[in-house]
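**Student:** okay, structure incoming, though there's no sequence with it:
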């Protein structure tokens, strides 16, 4: 590692961490209207941190939803420009009772930061802010840097599109750099070359116009929970293949070669099962675990509720039952089309005696990044510099809905440099981010800029 | 109507109602531990009302759960004794947002009392307290009366058995009279001759040991909601016949004659559907609506929950999903046996990759009352006196778990004199009880005592 960077990082590690913890203490949950003020507070903090790190300017852009933070450091218009995208919003923290410490009261334990957003994505985008500071203060910045840190990633970025479309000049760059994914492990560094798309819907089944006594009416009126369960059960066959007509139509099957490469990535099934506490894995017959989460589209139930869910028993035949259902999509599938297919499916299979209301939550298109681009090569070289190993290109299971938007509006490619781990409990209780990974990210990012300045 | 009763009722109707409303204001929800003090308060109130109505004695009997109120008025040990059973506990009031007025803030609207417990069972057992007062004050009481008003009916009466078994002498009676059922309508008075039994279980499906990111793990790990939905869907076939092995084994099929009689009870399908707001009814193929709720056992989902159930979207693959499942049973089925069958079924069909935990909630045996007994005849005669019409004997869909217990311990039969309506929203938001029915019950009950004194 370049000595100036190393010295600077060594001298400031505690402050860098303390600053991150401060950000983590702001409950910036974008999905919940009661956190509207926390969102503003968090955006203000991000703006100030960018200025403190050495940005020429930073501003808060109001949207119809939560604000976007934009900042930049332009050193020389003839040099390549890197646009860093990240998000300061986080997933809701519930179920709260499963957290070992407060989700917004970060604690360090066994070298890990436990807090909502520690990895996704405050801990990761903040590495870029600190890398900027490090490069500015050591006078080693070799690219122009722009930051677009939004507050609605976890709710599908409903307002980012408009901002990007009407600020193309301001956002002009040579590559978009995103740290919002993970590596296989610190011993097996990897770079995501694709993220899955997302379709997300909600299905509400209504039977009678009110909750009924299950003795007086039970057996004579459709039970919305039973009907919803049947609808859900109908979505997969006995091989866990999705049965919804048209769902797989646009999937481009991976070639045997691609599958072979994917199969070469280290994977220890026994450890994977042990970590999850399950006695068997589950999934589409004919595919490996890595294929199921990487190259195959999936359909998951994210939530369900209906009837009496309290303590003890209540003999009610409920009026309504509701489920949240989402699909992960692979390249060539269209989120818009699959959402339409899902909405139609649940509407169409509703039997007599119930009414079904469907609604759409946010979606996002799948995205693939080319590994022969100079940006990918710069990322791979940076990882090799600090990890001492060539990173493995892998397909990630998650979704970053704005990827295809950026490509379409700005005409530039995205490179993912994620430093998280799959076991970081993203979207779950006890989300964590290893201090090692946090500092390793800050170490690695300047190398990316250096390589990219030379290659681009 | 005997003139003395009529005069007394006319003079005291407003006070009778006001006293009921006071009882309804006590949130005596037995299922919720936070209402423990309300339960005691309600028991105290019931005890005082019995004394005020003219009981010789009334007392509160503590149990391991909520207290039982016992009271009696013994006029002559050579006269027949009627034991009135009722319950002062009520079902939980949620979902609160569906109530048009506070569940424990009773309002009178269009001649109906809207409140949790207005019909089930405060409004109904209180008719007996006021009938006692009426008979005592007009010096027309012709039987001995005992009251056993418990506080745990809605949670399966877990402590009543012990009380009954150890107080057989005190509870000795010639008949048990219960007002906790309904009539077809005020124009078509009916008497329930049977109630269904109940088995109630809870099924918890656990996949991974924590909530997971549905992108990172989706498709590779069993989703407990999907699995639970499949388990629920497997419980009925396409004719809505229950498929759980052994479920129907002990059912004694109704004879064509019984079915013919049942078919003669007035039933207007169009009105029934309109009241419920459904475009079609649902149920076991080959049976009418009245048969489905009367002579057939059923399996209903009472509640389900799992994953993210809040506003917006959260891409989580949940660790757990849970359902509350109950069966209504018909004569000759055993609640103990069916509960065992249900618990085994859900345990046995659990696929690899999940663990299933089952637990038992309260149950109760089905019960039939003989229509050739003097007690039934006295009830039928009383109804005829005040309604001007012979009541139709019908099979009710609900359950009163303590019936078989009383019969076993005390060796006496039960007569149901219910004055509710199926449309009273029992166990549902906006539970109501018509003032007409409340007063009609108070009018009718003294005739029962009069007839029973002569017939027994």
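**Tutor:** Nice, I can see it. Keep in mind the model is a prediction, meaning the values are calculated, not measured.
**Student:** point out where chain A drops to low pLDDT.
**Tutor:** In the predicted model of chain A, residues A:1 satisfy pLDDT under 70.
**Student:** mind giving me the domain ranges of it?
**Tutor:** A:3-195+A:366-455, A:197-251+A:297-360 (automatic domain parsing).
**Student:** from residue A:411, how far out is residue A:146?
**Tutor:** Per Cβ to Cβ, to the nearest Å, residue A:146 is found 15 Å from residue A:411. Bear in mind the C-beta positions are built from the backbone N, C-alpha and C, glycine included.
**Student:** neighbour count for the two, which is higher?
**Tutor:** Higher neighbour count among residue A:146 and residue A:411: residue A:146, with 22 against 9, using other Cβ atoms under 10 Å in any protein chain shown.
**Student:** which secondary structure element contains that one?
**Tutor:** strand A:144-150 (DSSP states H and E).
**Student:** repeat that for residue A:16.
**Tutor:** Here residue A:16 is assigned to helix A:3-24, by DSSP H and E.
**Student:** in stretch A:241-251, which residues are buried?
**Tutor:** By neighbour count on 16 or more other Cβ atoms under 10 Å in any protein chain shown, the buried set for stretch A:241-251 is A:242, A:244, A:247.
**Student:** in the helix or strand where residue A:275 lies, what counts as buried?
**Tutor:** Assigned by DSSP H and E, residue A:275 belongs to helix A:269-276. Buried residues in helix A:269-276, counted by 16+ other Cβ under 10 Å: A:272, A:273, A:276.
**Student:** ok, which stretches of the stretch 351-456 of chain A are helices?
**Tutor:** A:374-387, A:403-410, A:435-455 (DSSP state H, counting those that start in this stretch).
**Student:** contacts for the first one, please.
**Tutor:** Among residues not part of helix A:374-387, those counted as contacts by Cβ atoms under 8 Å, 6 or more residues apart in numbering or on different chains are A:1, A:174-175, A:177, A:186, A:189, A:191, A:193, A:369-370, A:389-391, A:413, A:415-417, A:440, A:443-445, A:447-448, A:450-452, A:455-456.
**Student:** that one vs helix A:435-455, what angle?
**Tutor:** 130 degrees (axes from the mean of the first three to the mean of the last three Cα atoms, to 10 degrees).
**Student:** and the second one, by the same measure?
**Tutor:** Relative orientation of helix A:403-410 versus helix A:435-455 (the same axes, to 10 degrees): 30 degrees.
**Student:** show me the contacts for the closest residue to residue A:215 other than its chain neighbours.
**Tutor:** Excluding the flanking residues, the one nearest residue A:215 by Cβ to Cβ, 6 or more residues apart in numbering or on different chains is residue B:398, at 3.4 Å. Residues near residue B:398 by Cβ under 8 Å, 6+ apart: A:213, A:215, A:216, B:181, B:195, B:196, B:328, B:426.
**Student:** smallest gap between the stretch 351-456 of chain A and chain B, at which residue?
**Tutor:** Closest residue of the stretch 351-456 of chain A to chain B, Cβ to the nearest Cβ: residue A:398 (3.3 Å).
**Student:** just the stretch 51-200 of chain A next, same as before
**Tutor:** Closest point on the stretch 51-200 of chain A to chain B, by Cβ to the nearest Cβ, is residue A:200, at 4.9 Å.
**Student:** which SSE is that residue in?
**Tutor:** strand A:197-206.
**Student:** helix or strand next in line after that strand, which one?
**Tutor:** That would be, after strand A:197-206 and using DSSP H and E, strand A:212-213.
**Student:** next structured bit after that following strand?
**Tutor:** helix A:224-233.
**Student:** what's the spacing between stretch A:403-412 and its chain's center?
**Tutor:** 18 Å (Cα atoms, centre = their mean, to the nearest Å).
**Student:** list the buried residues for it?
**Tutor:** For stretch A:403-412, by 16+ other Cβ under 10 Å, it's A:403, A:404, A:405, A:406, A:407, A:409, A:410, A:412.
**Student:** which residue sits closest to residue A:326, ignoring its sequence neighbours?
**Tutor:** That would be residue A:200: by Cβ to Cβ, 6+ apart, it lies 4.1 Å from residue A:326.
**Student:** any idea how far the one you found lies from residue B:308?
**Tutor:** 11 Å.
**Student:** overlap in contacts of the two?
**Tutor:** With Cβ under 8 Å, 6+ apart, residue A:200 and residue B:308 have common neighbours A:302, A:324.
**Student:** neighbour-wise, which of these two wins?
**Tutor:** For residue A:200 versus residue B:308, neighbours defined as other Cβ under 10 Å are more numerous around residue A:200 (29 against 24).
**Student:** number of residues surrounding the residue lying closest to residue A:415 once chain neighbours are set aside?
**Tutor:** Spatial nearest neighbour of residue A:415, chain neighbours left out: residue A:375 (4.5 Å); criterion: Cβ to Cβ, 6+ apart. Residue A:375: 25 surrounding residues under other Cβ under 10 Å.
**Student:** one more: the one 4 residues further on?
**Tutor:** Residues within reach of residue A:379, counting by other Cβ under 10 Å, total 26.
**Student:** then residue A:166?
**Tutor:** Neighbour tally, residue A:166, other Cβ under 10 Å: 11.
**Student:** spatially nearest residue to residue A:280, not counting backbone neighbours?
**Tutor:** For residue A:280, the spatially nearest residue (Cβ to Cβ, 6+ apart) is residue B:352, at 3.8 Å.
**Student:** do a quick rundown of the helices in the stretch 51-200 of chain A.
**Tutor:** Counting by DSSP H, counting those that start in this stretch, the helices of the stretch 51-200 of chain A are A:122-137, A:160-165, A:168-171.
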